[in-house]
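A.B. asks: Dropping a prediction and its sequence here:
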Amino acid sequence: MSDSASVLARDWLQRFEAALATGDARAALPLFNAECYWRDLVSFTWNLRTEEGHDAIAAMLAARLADVRPSHFQLEGEASTAEGVTEAWFTFETAQARGRGLVRLKDGGAWTLLTSMTELKGFEEKKGPRRIMGAEHGVHKGRETWAEKRQHEQATLGYTEQPEVVIIGGGQGGIGLGARLRRLGVPTIIIEKNPRAGDSWRNRYKSLCLHDPVWYDHLPYMPFPDDWPVFCPKDKIGDWLEMYTKVMELNYWSSTVAEKAHWDEQAQRWDVRVMRDGQAVTLRPRQLVFALGVSGYAQVPKITGAETFEGQQHHSSKHPGGDAWRGKKVVVLGANNSAHDICADLWENGADVTMVQRSSTHIAPSASLMELALGGLYSEQALANGVSTDKADLIFASVPYKIMHTFHIPVYEEMKKRDADLYARLEKAGFMLDFGEDGSGLFMKYLRRGSGYYIDVGASELVANGSIKLKSRVGIERINPRSVTLTDGSELPADLLVYATGYGSMNNWLADLVSPEVADRVGKCWGLGSNTTKDPGPWEGELRNMWKPTPVQNLWIHGGNLHQSRHYSQFLALQLKARMEGLPTPVYKPAPSHHLR
């Protein structure tokens, strides 16, 4: 089967290359099915774009073929066929870069095509056979050691020498991107307000562990040790990030607060004013990256009477843990990941805790999610089957967002059957369940709105059996000195009120650090334009403003979970490197801004 699949794929690639070589944008269209999608990660478009259908593909090729000059399409490994679809990996080149892709063929024509840039010609990472010597053998007067060179760099970059890139935010996103830029020789400074790398994890409630499995969460270049726990505790992640910044020799400015940034039109640079260890420093990078997480500021609802509350109240992002609340009454407003984790932590510490659920939540039991949704790509079995992390990332990326939900619906249909008993008991307890508006479950909710779900690692059983008390279909109407009044008129006594109420759009950070006008020009970050709850249209086909040129010159947004930060940092780093080297980077169809926040 693989022999015939490989013959089919090799023939398609040869015909595809020949069609592109004609320079006729429509010559390749007969090689695509009537329903077809071409997702490009930088290699053809200097953008993250998905062309949907023949006309969109032809328009992209008409605009880009002359510059890109694609060639050398070669089958990588053996193709495979399952359920009438042939999948084939391939490599290719363009005038400026090398790339890797994945095509799915149905009835001999392309159904989905992924092309991704892997490296810039002449600006490759100095790895493997290209690695630097490190030592200068022989005798040289005045020779600097590696440590002395590193100390000189740390003393001068940002002062007498200016960085090419400043990354605001030193969590996993900023650190991973910083590592990729370091490998590409792009002078970069990472700004982090906390005293140590990893503190954004250390400072969360003490029971926090990753809900995604370890195989899904590696940082670039350096996988976690193969004995690390499947679900990593927050403090181990914090220590790993701190170690990583040191061994990757990142210019990481901790205890530094970014105060203001503005674009200097005449100099074509940003002015970024920061306070570092009490000293004001102005950085002048060409490129400015905001890597402040997948969300904006914490959203705390304005509720009548909040100022009269005599207990404690805080947002979930500030919750230290349940130790101090034994025997106390706690109300948690919200029913997504953080709300469940915090309720479980409080219950374990002996608190009397009530969850207030205002709208329905998708529950995905961790074991089922691991086996049904992630196991084929991110697991020990996947590794044994030859699916490396890099390959898994590209397989994941190769599914166009337009049809991604159809891949996920069967997963969650099976989950409904497998976990029917838990779901039935949750509903009997009054919990409002959903599986997304089209039944596509957790990841589509994450992409569309970044909320509305819980990966169940134990708290759902506590809700189902009544250990965590539940008030659903209500909100908090008023806060009293020692209680809250709900919208159904009932009253809950409270010593602590936790707002597990989510976060705003990432461009909220821009409003404060740059200006509201710039924030509005960038527009809403995240979401696909699916016209589902909290993801208004029009359809965009890619995540808004993420890892690609934004409507504001030389301003970039980087974020997402550990998987996305790892994978997409590669493409953002290549875009930044190309600009530093003065390569032409004509962006095909930069996405307009449809929504302000």
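C.D. replies: It's in. These figures come from a predicted structure and were not determined experimentally.
A.B. asks: which residues does Glu477 contact?
C.D. replies: Residues in contact with Glu477, defined by Cβ atoms under 8 Å, 6 or more residues apart in numbering, are Ile303, Thr304, Thr485, Leu486, Thr487. Just so you know, the C-beta spots here come from the backbone N, C-alpha and C atoms, and that holds for glycine as well.
A.B. asks: what do you get if the cut-off is 7 Å, keeping everything else the same?
C.D. replies: With contact taken as Cβ atoms under 7 Å, 6 or more residues apart in numbering, Glu477 is in contact with Thr485, Leu486, Thr487.
A.B. asks: Quick check: pLDDT value at it.
C.D. replies: According to the prediction, Glu477 has pLDDT 97.
A.B. asks: Can you report phi and psi for it?
C.D. replies: phi -90, psi -40 (degrees, to the nearest 10).
A.B. asks: Who wins on neighbours among the contacts of Glu477?
C.D. replies: Within the contacts of Glu477, most neighbours by other Cβ atoms under 10 Å means Leu486, with 19 neighbours.
A.B. asks: mind checking the SS state of the closest residue to it other than its chain neighbours?
C.D. replies: Leaving aside its sequence neighbours, Leu486 sits nearest to Val474 (Cβ to Cβ, 6 or more residues apart in numbering; 4.5 Å). Look at Val474: counting by DSSP: H, G, I helix; E, B strand; the rest coil, its state is coil.
A.B. asks: re earlier: of the contacts of Glu477, closest to Gly529?
C.D. replies: For the contacts of Glu477, the residue nearest Gly529 by Cβ to Cβ is Thr487; the value is 31.6 Å.
A.B. asks: who's in contact with Gly238?
C.D. replies: Counting by Cβ under 7 Å, 6+ apart, Gly238 has contacts Gly198, Asp199, Trp201, Arg202.
A.B. asks: Report pLDDT for the closest residue to it other than its chain neighbours.
C.D. replies: Among residues not flanking Gly238 along the chain, Gly198 sits closest, at 3.1 Å (Cβ to Cβ, 6+ apart). As predicted, Gly198 sits at a pLDDT of 95.
A.B. asks: tally of neighbours for Gly198?
C.D. replies: Applying other Cβ under 10 Å, we find 26 other residues in the vicinity of Gly198.
A.B. asks: measure it to Ile237 for me?
C.D. replies: Going from Gly198 to Ile237 by Cβ to Cβ, to the nearest Å gives 7 Å.
A.B. asks: What of Lys524?
C.D. replies: Lys524 is 29 Å from Ile237, by Cβ to Cβ.
A.B. asks: Glu119 too?
C.D. replies: Taking Cβ to Cβ as the measure, Glu119 falls 29 Å from Ile237.
A.B. asks: Neighbour count: the two, which is higher?
C.D. replies: Neighbours were tallied for Glu119 and for Ile237 using other Cβ under 10 Å; the higher tally belongs to Ile237 (23 against 16).
A.B. asks: That one sits in which helix or strand?
C.D. replies: helix 234-247 (DSSP states H and E).
A.B. asks: ok, back up a step: hmm, Asp239 and the residue nearest to Gly238 touching each other?
C.D. replies: Yes - when contacts are counted by Cβ atoms under 7 Å, Gly198 is listed as touching Asp239 (6.1 Å).
A.B. asks: Quickly list what's touching both of the two.
C.D. replies: Counting by Cβ under 7 Å, 6+ apart, Gly198 and Asp239 have no common neighbour.
A.B. asks: Could you give the bridge partners of the residue nearest to Ala21 when sequence neighbours are not counted?
C.D. replies: Distances taken as Cβ to Cβ, 6+ apart place Ser71 nearest to Ala21, at 7.3 Å, with adjacent residues excluded. With DSSP bridges as the criterion, Ser71 is bridged to Glu93.
A.B. asks: ok, now Val272?
C.D. replies: Bridge pairing for Val272 (DSSP bridges) gives the partners Ala261, Leu283.
A.B. asks: Who are the contact partners of Arg521?
C.D. replies: Pro551, Val552, Ser593.
A.B. asks: Quick check on those: which are buried?
C.D. replies: Neighbour counting by 16 or more other Cβ atoms under 10 Å classes Val552, Ser593 among the contacts of Arg521 as buried.
A.B. asks: Report pLDDT for the closest residue to Arg418 other than its chain neighbours.
C.D. replies: Counting by Cβ to Cβ, 6+ apart, Arg418 lies nearest to Ser368, which is 5.4 Å off, once chain neighbours are set aside. The pLDDT attached to Ser368 in the predicted structure is 96.
A.B. asks: after whatever helix or strand Ser368 lives in, next one along is what?
C.D. replies: Take DSSP H and E as the rule and Ser368 turns out to sit in helix 366-368. Per DSSP H and E, the first helix or strand lying C-terminal to helix 366-368 is helix 380-384.
A.B. asks: Do I have it right that Ser460 meets Glu427?
C.D. replies: No - using Cβ under 7 Å as the test, Ser460 is too far from Glu427 to be in contact (11.5 Å).
A.B. asks: Helices along the stretch 101-250 of the chain, start to end?
C.D. replies: Assigned by DSSP state H, counting those that start in this stretch, the helices in the stretch 101-250 of the chain fall at 146-156, 172-183, 199-202, 234-247.
A.B. asks: of those helices, which approaches Ser338 most closely?
C.D. replies: With Cβ to Cβ as the criterion, Ser338 lies closest to helix 234-247 of the helices of the stretch 101-250 of the chain, at 12.8 Å.
A.B. asks: Show me what secondary structure element comes after the closest one.
C.D. replies: Of the helices and strands lying after helix 234-247 in sequence (DSSP H and E), the nearest is strand 252-253.
A.B. asks: of Ser460 and Glu427, who's got more company?
C.D. replies: Shown here are Ser460 and Glu427; by other Cβ under 10 Å, Ser460 has more neighbours (27 against 12).
A.B. asks: host element of the more buried one?
C.D. replies: Assigned by DSSP H and E, Ser460 belongs to helix 459-464.
A.B. asks: Can you list phi and psi of Ser4 for me?
C.D. replies: Here is the backbone geometry of Ser4 (degrees, to the nearest 10): phi -70, psi -40.
A.B. asks: Around it, count how many other residues there are.
C.D. replies: Ser4, neighbours per other Cβ under 10 Å, totals 11.
A.B. asks: In contact with it, which residues are there?
C.D. replies: So Ser4 contacts nothing (Cβ under 7 Å, 6+ apart).
A.B. asks: What score does it have for pLDDT?
C.D. replies: Reported pLDDT for Ser4: 94.
A.B. asks: gap between it and Glu78?
C.D. replies: Taking Cβ to Cβ as the measure, Ser4 falls 11 Å from Glu78.
A.B. asks: can you map out the strands along the stretch 451-597 of the chain?
C.D. replies: In the stretch 451-597 of the chain, strands defined by DSSP state E, counting those that start in this stretch lie at 453-456, 469-472, 476-479, 483-486, 491-493, 496-499, 555-557, listed in chain order.
A.B. asks: Just tell me which of those ends up closest to Ser254.
C.D. replies: So among the strands of the stretch 451-597 of the chain, strand 555-557 is nearest, using Cβ to Cβ, at 21.7 Å.
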